[in-house]
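Colleague: how would this look folded up:
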Amino acid sequence: MPKTSAPKSKAAKPAAGKKTEVVAEKEPRGARRRRETRTKLLDAAFRLMAERGMDGVAINEITEEADVGFGSFYNHFESKEAIYDALMNTVFEDFAKHLDELTTGIDDSAVMVSHCIRFTILRARKEPTWGKFLVREGYSARVLSRGLGQFLLRDILKGVAKKRFKSPDLLMSFVGVGSMVLGAIAANAEASSLRGPLSEQLRKMGLETDNIPERAATLALVSLGIPEREAAAIARLPLPSP
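Modeller: The predicted structure is shown next:
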C-alpha cells in the first residue's frame, strides 16, 4: 500500500529576538532496550570478573547474573574476550583521564609516581569493586599496556632517563612498585574492616594501618632510589583534584 503524504505547509518564522526551542527526539524503545541490556551485561561481567578474573567467568554466568537470555549476549558481543575489552575501556577510560590530569604540568617523575599511587589506592577504597578489578588485572599479562601499569611504567622510565630514579633492573623495579600498589589496595581494604582486639593487636606488633596511600608512595619512591625523608615529603604533597 503506497504511502500518502500530507500537504506541506510553510513553517512559521520565529519572532525577532526570540530563540527557537529544540525538542530532543525520544529514544526509540528498541534502542533503549538494547542499550539497557548491554549495560546489564557489562555490569554483570564487571562484578564477576572483579572476583574471579576473565578466565574464571563463563558467558552463561554473565547472562545469568545480568538476568538476560543467553542468546542476547551475542547481539552485543562476539565473545567473552570482546566484552572484557569493552569492560576495560569502560572501567579505565576515566581512570586514565584522571591520572593524566593529575600529572599535567608536573615535571618531577617522583611526584608523578606518588600522585598516581595515592590516587589509585584512594579510589579503590572508595570503589571496592573497582579496586578488586584493578588488582585482578594488575596480576595479568596485560598489565604493561592497560590500567595503572602503563602509567607506572611510563613514569618510571622517564625518571630513570632523567636520572631521577636509580634502577639496576627496570623490569623488577616496575614489578616491585606495581605489586606494592596492588598489595596496598588489598591491605587498605582489609584495614577498613578491622575492628576491636584484632586491630589493637596489629598496632602492638607495629602494623599500623593508617595512611596507607602515603606510606605506599613513600616506599615505592625509596625503592627507586629517592632518599627516605624526601620520599616521605613528596608523598605528603597535596593531591590535586582530577
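Colleague: Can you name the next helix or strand after the lowest-mean-pLDDT helix or strand in the chain?
Modeller: Confidence across the helices and strands of the chain bottoms out at helix 196-204, with a mean of 55, counting by mean pLDDT, DSSP states H and E. Using DSSP states H and E, the helix or strand that directly follows helix 196-204 along the chain is helix 212-223.
Colleague: buried ones in the helix or strand following that next one?
Modeller: The element immediately downstream of helix 212-223 (helix or strand, assigned by DSSP H and E) is helix 228-235. For helix 228-235, burial by neighbour count (16 or more other C-beta atoms under 10 Å) applies to 231-232, 234-235. Backbone N, C-alpha and C define where each C-beta goes, glycine included.
Colleague: where does this structure have low pLDDT?
Modeller: By pLDDT under 70, the low-scoring segments of the chain are 1-25, 139-147, 190-209, 242.
Colleague: follow-up on the earlier one: for residue 213, state which of the buried residues of helix 228-235 is nearest.
Modeller: residue 235 (8.0 Å; C-beta to C-beta).
Colleague: mind checking how far the nearest residue to that closest one once chain neighbours are set aside is from residue 136?
Modeller: Sequence neighbours aside, residue 217 is the residue nearest to residue 235 in space, at 4.0 Å (criterion: C-beta to C-beta, 6 or more residues apart in numbering). When C-beta to C-beta, to the nearest Å is applied, the distance between residue 217 and residue 136 equals 22 Å.
Colleague: What of residue 75?
Modeller: Distance from residue 75 to residue 136, counting by C-beta to C-beta: 27 Å.
Colleague: In terms of neighbours, single out the busier of these two.
Modeller: Counted by other C-beta atoms under 10 Å, residue 75 and residue 136 do not tie: residue 136 has more neighbours, with 18 against 12.
Colleague: and that one, which of the three is it?
Modeller: Residue 136 carries the three-state label helix when classified by DSSP: H, G, I helix; E, B strand; the rest coil.
Colleague: quick one: contacts for it?
Modeller: Contacts here follow C-beta atoms under 8 Å, 6 or more residues apart in numbering; on that basis residue 136 touches 49-50, 52-53.
Colleague: how close does residue 106 get to residue 116?
Modeller: With distances defined as C-beta to C-beta, the gap from residue 106 to residue 116 amounts to 11 Å.
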